[in-house]
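> take this sequence and fold it.
(chains A and B)
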Amino acid sequence: MNFDIEKKTGKTEIALIGRITFADHDDFRNVINVFEGEEGHEIVFDLSRLDFVDSSGLGMFIIARDTARKKKLSFSIRGARNDVMRVMQVAKFHKMFTIVD
Amino acid sequence: MTNDPVIPAVAAIVGADDPTRNLYGIDLGIPLEDRRVLVVDESKFNQKTLARFLLWAGIHQVAFASGGQEALDMVETFAPDLVLIDITLPDMDGIEVCERLRRKKSQMDLSILVQTVVTSDILRTICFRAGANDVLSKPINPGECIARVRYHLERRAIIQELREFRERVEKDLRMAQAMQVGIAPEEEAIAALAAKHNLDIAVHFQPCNEIGGDFWTMFEIDENRIGVLIADFSGHGIPAAINTFRLHTLITREDVRALSLDPAAMLAKLSAGLLGMLPLGHFATALYGVIDTSADLLTFAAAGTTNPVIGDAEGLRLLDGSGVFLGICEGEVYENITEPFPSGSFLFIYSDALVECRSPTGAMLGEPGLLDLIIEHRDFPIGPLIPIVADVLKTSGMRVQDDLTAIWITRP
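Numbering: from 1, shown residues only, chains lettered A, B, ... in the order given. This next block holds a predicted model:
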C-alpha cells in the first residue's frame, strides 16, 4: 500500500493506493497519525486508486473511523471501485461509514 | 556424556598462558564458554598449539583425540559442537572421519573443520564433499583459526536456537490445532444429527496454517429444526484462532442458545458479545441458518459473508450473504431471510477462501466458477462437497491462501 496526503483548510484527503492487506498494518499507523485537526475537520479516504482490500484492511478502515470519532473529526470514504466496492457492499459499509460518491 | 577432567587437561596442556589473553584485540562476540571442541591431531605439539588458540577464542571445553577411531568414539562421549581434525591420522584419514561422522544422523549439523598441509583446490573440494564445513591450511594462523572456529560455533548456536524455537512453536501449534478441531462438533455427532433429521451433511474444515480464523458448528434445536453457523474472523493464524475460541464460548452460552430459532437475533447477540471481546479492527463474517424439516423452510441471517447457494431440481440460486460484520457496531440489526427448503433441496455455505482461490494463471474461481463446479458434481452419490473441494484444491495447486470451511446439507 502507498498513500498520498493532501492537506487543505478544514480537510485532509488521503488517497490509498494499491493493495491493503495484513502486511500494511504498521504503515497504516502512519495514515492514522495524520488524523489531526479542529473539531469537525474532515478526513476523507480516497479509494479511487485502491485495487484490493482484504479482511485485515477492512479492519483498518474500522480503526480509522474509530480514531476520527474519538478526535471529533468527520470521516468519509469515496471513490471505491471494482473489488473494493464489492467487499464494502457485502459488509454493508454504508450503514457504518459516510460513503460519498 | 560429559568428560569432566577435560577442562583441567586443557589448562595443563596449554601451560601457564593467560586464558583471558585477547589475540590482536579480536572482539569475541557472543560467549562460547559452554561450547565443546574436539581436536583430532596425532601430534601432541599441534594439540597443544590448537588448544591455546581455542582458549584465545574463548573456548574452554576442549578434548583431544590422536586417531580417527578415537575421534569417532569421542564424538559420542564428549558431544562436541565442533571438530577440528587433521587430514593425516595414523589409522584412517580425516576425510574418512568426516564421511563417517556425516553418516550419523545425530551429527548432521556438527561443525567439522579440516586442517591440511596440501591446499590444492581438488583436495579442498574433496574435504567439502566429505562433509567438512571449512578447510584450514597448515601451518595454522591463530587469528584465522579463531575467526573460523568462532564463525562456525556461532552459526551452530544460532541454528540450534532457531531450531529449539521452531520445535517449541510447532509443538504448541499442534496442540492448538487439536484444541481448535475440538471446538467443532465431532464427526459422530454430525452423523447422528444427520440421521435423526434425515439430512445428508458433509463438512470440510482446513486452516491455511496449523490454526486459523474459521469456525463452524451445528446443533439440534428441537426435533424438527437444526441450527448451523459458519464464521470467518478477520486476519489469519493465531490471533484469528483465539477469536474463534471467544466465539465458541459465546455460542455455548445459554442466553445465546435461547435465540437459536431467530437467526437475526442470534447474530445481533453474537455481534454484541464479540464487540466487547475483540480488539478494535477485528471482526467476523458469519451466517447462521435454521433448517426446519417440518415446515420445509430455511431461515438465515448473514453478516458480510459469501453468498450461500441453495438448489433443488429446478436449479441453483445464490442467496444474499451481505450484512454488517460481527463485533464492530453496537446495536446492529440483522435481517432474517426465509427460503423454501423442501425435500430434494440442498444448502451450500462456505468461507471466502473457496471462491477466492486462484489457478496458477491467477484466475479467481469466483461465484460463477463455483456454480459450474456444483452443476458438474451435482449427482455425486454422497453429495458434491468432496469432489468440489478436491477440484478447487487441485486448480489452486493444493494450496489455500486462507482458512477454508465448507458445509453441504441435502434434504433427500
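
> around chain B, pick out the residues from chain A.
With Cβ under 8 Å from any Cβ of the partner chain as the criterion, chain A meets chain B at residues A:22, A:55-56, A:58-60, A:62-63, A:66, A:89-92, A:95-96. Glycine gets a C-beta too; all of them are placed from N, C-alpha and C.

> can you tell me which of the residues you listed are buried?
By neighbour count, with 16 or more other Cβ atoms under 10 Å in any protein chain shown, the residues of chain A next to chain B hold A:22, A:55-56, A:58-60, A:62-63, A:90-92, A:96 as buried.

> go ahead and flag the most central residue of chain A.
A:Phe45 (4.0 Å; Cα atoms, centre = their mean).

> helix, strand or coil for that one?
strand (DSSP: H, G, I helix; E, B strand; the rest coil).

> wait, is B:Met266 part of a strand?
No. The assignment for B:Met266 (three-state DSSP) gives helix, which keeps it out of a strand.

> ok, it to B:Phe300 distance?
10 Å (Cβ to Cβ, to the nearest Å).

> list residues touching both of the two?
Residues touching both B:Met266 and B:Phe300 (Cβ atoms under 8 Å, 6 or more residues apart in numbering or on different chains) are B:Tyr288.

> quick revisit: report the two of the buried ones among the residues of chain A next to chain B separated the most.
Comparing every pair within those by Cβ to Cβ identifies A:Phe22 and A:Lys92 as the most remote, at 22.4 Å.

> what lies in contact with the helix ranked longest in chain A?
When chain A is parsed with DSSP state H, its longest helix is helix A:55-70. Counting contacts by Cβ under 8 Å, 6+ apart, the residues outside helix A:55-70 that touch it are A:19-22, A:24-25, A:28, A:31-32, A:35, A:43, A:45, A:53, A:74-75, A:77, A:87-88, A:91, A:93, A:96-97, B:232-235, B:280-283, B:285, B:325, B:328.

> next SSE downstream of the helix or strand bottoming out on mean pLDDT in chain B?
Lowest mean confidence among the helices and strands of chain B (mean pLDDT, DSSP states H and E): helix B:6-14, at a mean of 52. Per DSSP states H and E, helix B:6-14 leads on to strand B:36-40 as the next helix or strand towards the C-terminus.

> could you pull up the mean pLDDT of that following strand?
The predicted model assigns strand B:36-40 a mean pLDDT of 97.

> pairing partners for that strand, with directions?
Applying DSSP bridges, strand B:36-40 is found paired with strand B:61-65 (parallel), strand B:82-86 (parallel).

> just want the angle from the next helix or strand after the last one to strand B:36-40.
So the one you mean is strand B:82-86. Counting by DSSP H and E, the next helix or strand C-terminal to strand B:82-86 is helix B:94-103. Angle, helix B:94-103 to strand B:36-40, by axes from the mean of the first three to the mean of the last three Cα atoms, to 10 degrees: 140 degrees.

> next, the buried residues of helix B:94-103.
B:94-95, B:97-98, B:100-101.

> for the closest residue to B:Pro412 other than its chain neighbours, give me the pLDDT.
In this structure, B:Pro412 finds its nearest non-sequential neighbour in B:Asp200, 6.1 Å apart by Cβ to Cβ, 6 or more residues apart in numbering or on different chains. With respect to pLDDT, B:Asp200 scores 93.

> tally of neighbours for B:Asp200?
15 (other Cβ atoms under 10 Å in any protein chain shown).

> kindly state the beta-bridge partners for it.
For B:Asp200, the beta-bridge partners are B:Thr410 (DSSP bridges).

> show me the contacts for it.
B:Asp200 touches B:194, B:382-383, B:408-410, B:412, counting by Cβ under 8 Å, 6+ apart.

> state the distance from it to chain A.
29 Å (Cβ to the nearest Cβ, to the nearest Å).

> cool, B:Gly237 as well?
For B:Gly237, the distance to chain A - Cβ to the nearest Cβ - is 9 Å.

> is it true that that residue touches B:Asp214?
No. In this structure, B:Gly237 is not within contact of B:Asp214 by Cβ atoms under 8 Å, at 11.8 Å.

> comparing the two, which residue is more hemmed in?
B:Asp214 (28 against 17).

> next, that one: phi, psi?
phi -90, psi 150 (degrees, to the nearest 10).

> next, the contact list for it, please.
B:Asp214 makes contact with B:205, B:207, B:230-233, B:244, B:351, B:403-405, according to Cβ under 8 Å, 6+ apart.

> ok, B:Gln401 next?
Applying Cβ under 8 Å, 6+ apart, the residues near B:Gln401 are B:208, B:353, B:356-358.

> if we go to 7 Å?
Counting by Cβ atoms under 7 Å, 6 or more residues apart in numbering or on different chains, B:Gln401 touches B:208, B:353, B:357.

> how about the helices in chain A?
So, for chain A - with DSSP H - the helices run A:25-32, A:55-70, A:82-90.

> can you list contacts of the longest strand anywhere in chain A?
Determined from DSSP state E, the single longest strand within chain A is strand A:11-20. Contacts to strand A:11-20, defined as Cβ under 7 Å, 6+ apart, come from residues A:1-6, A:31, A:34, A:37, A:42-47, A:49-53, A:57, A:60.

> also stretch B:100-118?
So stretch B:100-118 is contacted by B:72, B:75, B:81-87, B:94, B:98, B:123, B:127, B:131-138, B:140, B:148-149, B:152-153, B:156, B:159 (Cβ under 7 Å, 6+ apart).

> element containing B:Arg317?
Using DSSP H and E, B:Arg317 maps to strand B:315-318.

> which strands and helices sit next to that strand?
Under the contact criterion of 3 or more Cβ pairs under 7 Å, 6 or more residues apart in numbering or on different chains; DSSP states H and E, strand B:315-318 touches strand B:309-312, helix B:366-377.

> how does it look with 10 Å?
Counting contacts by 3 or more Cβ pairs under 10 Å, 6 or more residues apart in numbering or on different chains; DSSP states H and E, strand B:315-318 is packed against strand B:309-312, strand B:346-350, helix B:366-377.

> export the ones you listed to TSV and tack on mean pLDDT, distance to chain A and mean neighbour count?
Listed next are the helices and strands packed on strand B:315-318 as TSV, based on pLDDT from 0 to 100; distance: least, Cβ to the nearest Cβ, whole Å; neighbours: other Cβ atoms under 10 Å in any protein chain shown:
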stretch	mean pLDDT	distance to chain A	mean neighbour count
strand B:309-312	92	15	19
strand B:346-350	95	14	25
helix B:366-377	89	11	16
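
> sweet, I'm off.
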